[in-house]
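Asker: Sequence below, structure please.
(chains A and B)
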Number of protein chains: 2
Amino acid sequence: MKTISENKSYGGVQGVYSHTSQACSCDMTFAVYMPPQAEKGPVPCLWYLSGLTCTHENAMTKAGLQAHAAEFGLAIVFPDTSPRGDDVANDDAYDLGQGAGFYVNAGETPWSPHFQMEKYVASELRDLVTEQFGISVHHGITGHSMGGHGALTLAMKYPGHFQSLSAFAPIANPTRSDWGRKQLSAYLGSDESLWAAHDATLLLKDRGWNGDVLIDQGGEDQFFDLLKPDALVNALVETKTAHQYRLQAGYDHSYYFVSTFARDHVAWHAERLTS
Amino acid sequence: MKTISENKSYGGVQGVYSHTSQACSCDMTFAVYMPPQAEKGPVPCLWYLSGLTCTHENAMTKAGLQAHAAEFGLAIVFPDTSPRGDDVANDDAYDLGQGAGFYVNAGETPWSPHFQMEKYVASELRDLVTEQFGISVHHGITGHSMGGHGALTLAMKYPGHFQSLSAFAPIANPTRSDWGRKQLSAYLGSDESLWAAHDATLLLKDRGWNGDVLIDQGGEDQFFDLLKPDALVNALVETKTAHQYRLQAGYDHSYYFVSTFARDHVAWHAERLTS
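Answerer: Residues are numbered from 1 along each chain as shown, chains lettered A, B, ... in the order given. Got it, this is the predicted structure:
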């Protein structure tokens, strides 16, 4: 693991690091914020998964999470959204290939050699940061848009790995959306039965989530039709899953929306990870 | 005035606008955050001047100021740091020309036709935002690095325009620094007597500041030698100017430093502008 930068922030340290990923067979960059409380012992950890076109950097610089992490004593991990590099397959579209890993393990060419983001986030990077930083066994997960999809699906698929869950404007029903069908088809192939394990709405009905979940959705989100929040809301109600779903009037899909409600999410995770 | 974007943020609106500046003879872009309190009537306003290489956008996306502006009920204005455009003079160096206006009115070629940032910020843009937004007559000013220099010097030169003052790691004594001598020479010419009115340390001794001032400086600032904070501290003590100077151990020159202490500055201005 190589240190790219470390900056003091709210009494803690915002670091950016790189390492050679076995899962993705390439160098990966990620960021970790360690709060001041980490000086006294291991702290719980919140994973923040980013959306289409993002790297580890967008949320790190624009979401304002460090202030809240320092207040509540949580570490925050910001993974990249895909493998990257000249040797890594890509596509001209913004929503496929590099910057658009969708948090799945690809089985199809040309994606399968590197696009193993599910394995990477849920196992490899989790093991690495737990080993390298003063992080406790208590992990929560959140994310925005494609990252909200990642948070919801990874939490349900790996319930032992994540004890708390929330999402900002998640892609909620990708098997029924152009933000999903295109990518699941490319990465997993045409057998739609393989897609269900990567759809939060379907996973909730199939496996459920052993806990509660907080979801914020902007009422003026320009991608509302692609996100399909209604399908997830219906599934939450139908499965009687404990949840808070908040439709925030006037907010769009940007980081102005994420940052406005970031403190509520950090508090949500802190309450569940430290009690 | 043209609206480029408006995003709801912390209950208020973060907008980006452009207009044709008379002072700078070119189109200029600026940002304004209006807090939710503005719905009920005029609010005080804090000016945030940015540093070298920045536009209106850096602080708007990375400083986290909106949260605090919404908490304390202040508008925030983010001007650009120079005139811009293909017809505007420039230099290959990052610290001269576009992105490096230094908040002075240039009298030398090729800069004088457009580089009139002092006039632009202290008068033209101030008049425009006061007229176009629900902003009261109470204005405060702050800034970072070159913007800290701008805040300190414009406040002292235009005491009727700004009633509260603070700065983050300001260029504090530019007539004695490579961050200053080069630019003041280019913009104002070789007569150093003209430079003194653009040096916070010299202005403080000459005109003084009719109020108190808050200054934060990172202890691990990589540009410490160029900023020359000691000269300003000595002048503050010598002139018996009421002040808080805080050397923040471990912090560098980045927005991680600015965002960490941003709330203290907004609170400082709010206390002085709303009492």
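
Asker: all helices of the stretch 101-250 of chain A, in order?
Answerer: Using DSSP state H, counting those that start in this stretch, the helices of the stretch 101-250 of chain A run over A:117-119, A:126-132, A:146-157, A:181-188, A:200-206, A:224-227, A:229-238.

Asker: what would those helices look like in a markdown table with mean neighbour count and distance to chain B?
Answerer: From N, CA and C alone the C-beta is placed, and that goes for glycine too. Below are the helices of the stretch 101-250 of chain A laid out as a markdown table (neighbours: other Cβ atoms under 10 Å in any protein chain shown; distance: least, Cβ to the nearest Cβ, whole Å):
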| stretch | mean neighbour count | distance to chain B |
| --- | --- | --- |
| helix A:117-119 | 22 | 26 |
| helix A:126-132 | 15 | 20 |
| helix A:146-157 | 28 | 18 |
| helix A:181-188 | 21 | 27 |
| helix A:200-206 | 21 | 25 |
| helix A:224-227 | 18 | 15 |
| helix A:229-238 | 18 | 17 |
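
Asker: who wins for proximity to residue A:96 among those?
Answerer: helix A:181-188 (5.9 Å; Cβ to Cβ).

Asker: How far away from the center of its chain is the closest one?
Answerer: 19 Å (Cα atoms, centre = their mean, to the nearest Å).

Asker: what does it contact?
Answerer: Under the criterion Cβ atoms under 8 Å, 6 or more residues apart in numbering or on different chains, residues A:91, A:95-96, A:100, A:102, A:104, A:106-108, A:111, A:115, A:174-175, A:192, A:194-195, A:198 lie in contact with helix A:181-188.

Asker: ok, now with 10 Å
Answerer: By Cβ atoms under 10 Å, 6 or more residues apart in numbering or on different chains, the residues outside helix A:181-188 that reach it are A:52, A:89, A:91, A:93, A:95-97, A:100-102, A:104-112, A:115-117, A:146, A:171, A:174-175, A:177, A:190-192, A:194-199.

Asker: got the contact list for residue A:14?
Answerer: A:5-8, A:31-34, A:60-61, A:65-66, A:69, A:76, A:78, B:254, B:256, B:259.

Asker: What's the ChimeraX line that selects buried ones from those?
Answerer: Those of these that count as buried under 16 or more other Cβ atoms under 10 Å in any protein chain shown are selected in ChimeraX with:
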select /A:7,8,31,32,33,34,60,61,65,66,69,76,78 /B:254,256,259
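
Asker: Among the contacts of residue A:14, which ones are in strands?
Answerer: A:5-8, A:31-34, A:76, A:78 (DSSP state E).

Asker: how far away is the residue of the stretch 51-200 of chain A found nearest chain B from residue A:33?
Answerer: Nearest to chain B, among the residues of the stretch 51-200 of chain A, is residue A:64, at 4.5 Å (Cβ to the nearest Cβ). Taking Cβ to Cβ, to the nearest Å as the measure, residue A:64 falls 11 Å from residue A:33.

Asker: before we move on, the earlier item: I'd like the helices of the stretch 101-250 of chain A as CSV, with mean pLDDT and distance to residue B:56 appended.
Answerer: Below are those laid out as CSV (pLDDT from 0 to 100; distance: least, Cβ to Cβ, whole Å):
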stretch, mean pLDDT, distance to residue B:56
helix A:117-119, 98, 35
helix A:126-132, 95, 36
helix A:146-157, 98, 27
helix A:181-188, 98, 35
helix A:200-206, 97, 37
helix A:224-227, 97, 29
helix A:229-238, 96, 33
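
Asker: circling back to that earlier point, between all of the ones in strands among the contacts of residue A:14, which two are separated the most?
Answerer: Using Cβ to Cβ for every pair in these, the one that comes out farthest apart is A:8 and A:78, at 17.2 Å.

Asker: ok so, going back, now which of the contacts of helix A:181-188 would you call buried?
Answerer: Listed as buried from these are A:52, A:89, A:91, A:95-97, A:100-102, A:104-106, A:111, A:115-117, A:146, A:171, A:174-175, A:177, A:195, A:197-199; burial here means 16+ other Cβ under 10 Å.

Asker: Which residues of the stretch 1-150 of chain A lie near chain B?
Answerer: Contacts of the stretch 1-150 of chain A with chain B, taken as Cβ under 10 Å from any Cβ of the partner chain, map to A:5-14, A:33, A:58, A:60-68, A:70.

Asker: which residues touch residue A:62?
Answerer: Taking Cβ under 10 Å, 6+ apart, one finds A:54, A:254-256, A:258-259, B:60-62, B:64 in contact with residue A:62.

Asker: Output these in TSV; the columns should cover distance to residue B:230 and pLDDT.
Answerer: Conversion of those to TSV gives the following (distance: Cβ to Cβ, whole Å; pLDDT from 0 to 100):
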residue	distance to residue B:230	pLDDT
A:54	41	97
A:254	41	97
A:255	38	97
A:256	39	98
A:258	40	98
A:259	36	98
B:60	31	97
B:61	32	97
B:62	28	97
B:64	29	97
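
Asker: of all those, which comes closest to residue B:155?
Answerer: residue B:60 (21.4 Å).

Asker: The closest residue to chain B within the stretch 101-250 of chain A: what's it in contact with?
Answerer: Evaluated by Cβ to the nearest Cβ, the stretch 101-250 of chain A has residue A:250 as its residue closest to chain B, separated by 4.4 Å. Residues in contact with residue A:250 (Cβ under 10 Å, 6+ apart) are A:218-220, A:257, B:7-9, B:11, B:13.

Asker: looking at it, residue A:263 is touching residue A:65, isn't it?
Answerer: Yes: here residue A:263 reaches residue A:65: they are 8.8 Å apart, a contact under Cβ atoms under 10 Å.

Asker: Report the angle between the biggest helix by length in chain A and helix A:146-157.
Answerer: Across chain A, the longest stretch assigned as helix under DSSP state H is helix A:255-274. On the basis of axes from the mean of the first three to the mean of the last three Cα atoms, to 10 degrees, helix A:255-274 is oriented at 20 degrees to helix A:146-157.

Asker: where's the residue most central in space within chain A relative to residue B:159, distance?
Answerer: Centroid-nearest residue in chain A, with Cα atoms, centre = their mean: residue A:49, separated by 2.3 Å. Distance, residue A:49 to residue B:159, using Cβ to Cβ: 50 Å.

Asker: One more: residue A:227?
Answerer: For residue A:227 relative to residue B:159 (Cβ to Cβ), the value is 51 Å.

Asker: ok, now residue A:138?
Answerer: 54 Å.

Asker: Comparing the two, which residue is more hemmed in?
Answerer: Neighbours per residue, other Cβ atoms under 10 Å in any protein chain shown: of residue A:138 and residue B:159, the larger number sits with residue A:138, 20 against 15.

Asker: returning to that earlier point: indicate which one of the helices of the stretch 101-250 of chain A is closest to residue B:153.
Answerer: That would be helix A:146-157 among those, by Cβ to Cβ, at 43.3 Å.

Asker: now for that closest one, which elements pack on it?
Answerer: Applying 3 or more Cβ pairs under 10 Å, 6 or more residues apart in numbering or on different chains; DSSP states H and E, one finds that helix A:146-157 makes contact with strand A:43-49, helix A:117-119, strand A:135-143, strand A:164-168, helix A:200-206, strand A:213-218, helix A:224-227, helix A:229-238.
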